[in-house]
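J.: my questions are about this predicted structure, shown below with the sequence.
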Amino acid sequence: MHADPIDLARRLVQRRFPDALAVVLAGSTAAGRATASSDLDIAVLVGDGGETCRETLRFEGRLVELFIHTPTGLGELFAADVASRRAVLQSMYATGLVLLDTGGEAGRARSRAEADLRNGPPALEPETVENKRYSLTDALDDLADAGDPVERLAVAGVVLNVAADLLFDHHRAWVGGGKWLPRRLLEADVECGGALLEGHRHLCETGDPALMIEAAERVLDIVGGPLREGYRRTWRGASEPVAARNAG
């Protein structure tokens with residue numbers, strides 16, 4: 001019989017962090033989607049004399065992801081998550097199961113996390129949106145022309161990610177990667193996001209890109225249309241961030 005994941009999380013925290021200020025169990029366990037092999041995502045708030053870090057370990061046979069932070073570190077991580085438009089830690093504190101709340105620390109962190117989530121991520125700069133429009137237009141041209149099935153799948157991944165990012169920005173919605181991309185894409189726009197995901201699934205299963213091209217072109221129309229002729233960028237030197245040079 002597998003140990004109860006909540007009890008296991010409590011035992012781990014009591015052993016490793018007896019002086020913790022707050023502990024939140026997040027991820028699939030808190031959401032009720034956990035399986036016997038799911039890892040445990042645990043946010044641990046420690047005093048300012050502690051260390052802000054991330055650690056992966058195995059405890060009583062269960063894989064555990066620890067997100068450890070001081071109050072100062074938590075504020076910095078919240079700010080970094082807003083800047084990256086991901087809000088990973090905010091989601092953990094806003095939706096997780098509170099296992100420990102010393103002096104209301106978990107409640108205060110949750111309130112701040114919920115405020116960040118309500119405010120939404122910062123909008124992309126207009127030039128970044130234009131770069132992404134150009135990148136998506138180019139990728140769609142490649143997708144339509146791709147004859148090699150492996151190349152077609154690779155380009156489809158680019159189309160999905162760039163189109164999703166443009167749609168996230170249009171709705172001022174939090175972005176996601178991996179399994180969180182489809183989840184957050186459907187939260188942001190169930191119609192257009194769903195069409196993108198269905199087009200990608202259809203292409204992967206059949207090799208036919210038509211549905212995906214149609215869905216991505218619809219996203220392009222929402223954010224200003226395809227961009228080919230007239231696109232121009234000036235090289236700004238080695239100090240220019242790579243992400244700005246390759247906005248796709």
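T.: Structure's in. What do you need? Numbers count the residues shown, from 1 in each chain.

J.: and the longest helix anywhere in the chain, what's buried?
T.: Across the chain, the helix with the greatest residue count (assigned by DSSP state H) is helix 149-170. The neighbour-count check on helix 149-170 (16 or more other Cβ atoms under 10 Å) flags 152-153, 155-156, 158-170 as buried. Where you see a C-beta, it was placed from the backbone N, CA and C, and this is true even at glycine.

J.: just stretch 194-202 next, same as before
T.: By neighbour count on 16+ other Cβ under 10 Å, the buried set for stretch 194-202 is 195-197, 199-200, 202.

J.: and the contacts of that stretch?
T.: Residues from elsewhere that reach stretch 194-202 (Cβ atoms under 8 Å, 6 or more residues apart in numbering): 156, 159-160, 163-164, 167, 182, 185-186, 208-209, 211-216, 218-219.

J.: do the same with stretch 115-132
T.: Outside of stretch 115-132, the residues that reach it under the criterion Cβ under 8 Å, 6+ apart are 78, 81-83, 85, 87, 90-91, 94, 162, 165-166, 168-169, 172-175, 223-224, 227, 231, 233, 244, 247-248.

J.: what's the average pLDDT for stretch 226-239?
T.: Taken as a whole, stretch 226-239 has an average pLDDT of 85.

J.: just to revisit the earlier point, so of the buried residues of stretch 194-202, which ones are in helices?
T.: Reading helices off the buried residues of stretch 194-202 with DSSP H, I get 195-197, 199-200, 202.

J.: any idea which of those residues is closest to S37?
T.: Taking Cβ to Cβ as the measure, S37 lies nearest L197 of those, at 25.0 Å.

J.: what residues sit buried inside stretch 101-110?
T.: Of the residues in stretch 101-110, those with enough neighbours to count as buried (16+ other Cβ under 10 Å) are 101, 105-106, 108-110.

J.: nearest to I42, of those residues?
T.: Closest to I42, out of all of these and judged by Cβ to Cβ, is A106, at 12.4 Å.
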